[in-house]
Every structure is written in C-alpha cells, then in structure tokens.
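>>> Build me a structure from this.
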Amino acid sequence: MNGGLRALSRYECLSLLGAVTGGRLAVLAGDVPAMRPAEHLTNLGDLVVRLDRLDAAAFRSRPARVLYAAGDQACAKPWAVMVTGHATLIDDPQESELFGALLSPVGTAAPLIRVRPAHIRGVRVVPPRHRSTRPPGRTSGSPLPDAATGRG
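You can find the predicted model right below:
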C-alpha cells in the first residue's frame, strides 16, 4: 500500500474515542445542524457528552439525533471517527455526578447526554511506504556495472 486511508472497525473507533476527550457535537434538528465543541467519555459502548454551552432543552422531551466527531491529526497516524445516534439527557443525579467528575470540571454542573451509537465510522491515515531507489533485480550487495566494460 502506498498510503491512504484505512477504515476502522467499531472496536477501534471506540478505543480511539476513549483515548481523547474532545470533539464536536452536532444536533441534527431541521435543515441546519448546530455544531459545538464538546468533551466526552466512553461508557459501555455509549458516549457521554457534556453540554457545555448547548441548550439541554433539545433533549428533555425525546431523544435527539446527533453526530459526534473526534480525531487526532497530530499523532503519527492521524485518525477521525464519526458517531451518529440518538441522545438522551442523563437525569439520574448519581450518574450525572459520576460522569461529571470523570470529565474535566467546567465550574458549574453542566448537563450531560448519553449518545447510543447507531453508526460508527472511522478512518486512519496509512503513511506511504518508502520506495527503493535500487534498480530492479539488484540486491544491496551487488555492485553496479562499470560503464566502460558493463561488468560489475
């Protein structure tokens, strides 16, 4: 392979999401999605996302369709993961306290949502392999032929 993108399995996607805490949350309501920076953690295959600056009212009455995207472009093999699914507000005080403590504090008790992934897709950049500069059929130990005699 000369480089490109490699599709990631669901397991790889969730593992990579578990290794970072930041991403982007888009609430899919109407024609224009509302996208905001967010922080998350993974929990038993679900994502728990803090609604920092996002109105929790969208999640109070019924599950909302969301897209969550995260990635790491600075590592040796950059990757990106996108999750779509339905999100519900976490209204259990014990769960909110536990997950809130695991996410970095933002000063106030921000609402949290649980995203149940319907689809998870991810890709990783595969770096190109170095090509040999040797002529075909030659090994590293064989001498090049002499230009005058044609012998090696």
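>>> For Pro63, give me its contacts.
By CB atoms under 8 Å, 6 or more residues apart in numbering, the contact list for Pro63 reads 86-88. C-betas here are computed from N, CA, C, even on glycine.
>>> What distance do you get for it to Leu41?
Distance of Pro63 to Leu41, given as CB to CB, to the nearest Å: 19 Å.
>>> and the strand ranked longest in the chain, average pLDDT?
The single longest strand within the chain, with elements called by DSSP state E, is strand 112-126. Across strand 112-126, the average pLDDT comes to 95.
>>> Give the pairing partners of it; include direction for each.
Paired with strand 112-126 in the same sheet, following DSSP bridges, are strand 4-7 (antiparallel), strand 46-50 (antiparallel), strand 79-89 (antiparallel).
>>> Output that strand as CSV, restricted to C-alpha atoms.
Extracted in CSV, the C-alpha atoms of strand 112-126 (Å, rounded to 0.1, in the frame of the first residue of the first chain):
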residue,chain,number,x,y,z
LEU,A,112,-24.8,15.6,30.2
ILE,A,113,-26.3,13.4,27.5
ARG,A,114,-25.9,9.8,26.6
VAL,A,115,-25.4,9.0,22.9
ARG,A,116,-26.4,5.5,21.8
PRO,A,117,-24.4,5.0,18.6
ALA,A,118,-26.4,3.8,15.6
HIS,A,119,-23.5,4.1,13.2
ILE,A,120,-19.8,4.5,13.9
ARG,A,121,-17.3,5.2,11.1
GLY,A,122,-13.7,5.9,11.3
VAL,A,123,-10.5,6.1,9.2
ARG,A,124,-6.8,6.2,9.9
VAL,A,125,-4.2,7.7,7.7
VAL,A,126,-1.8,5.0,6.4
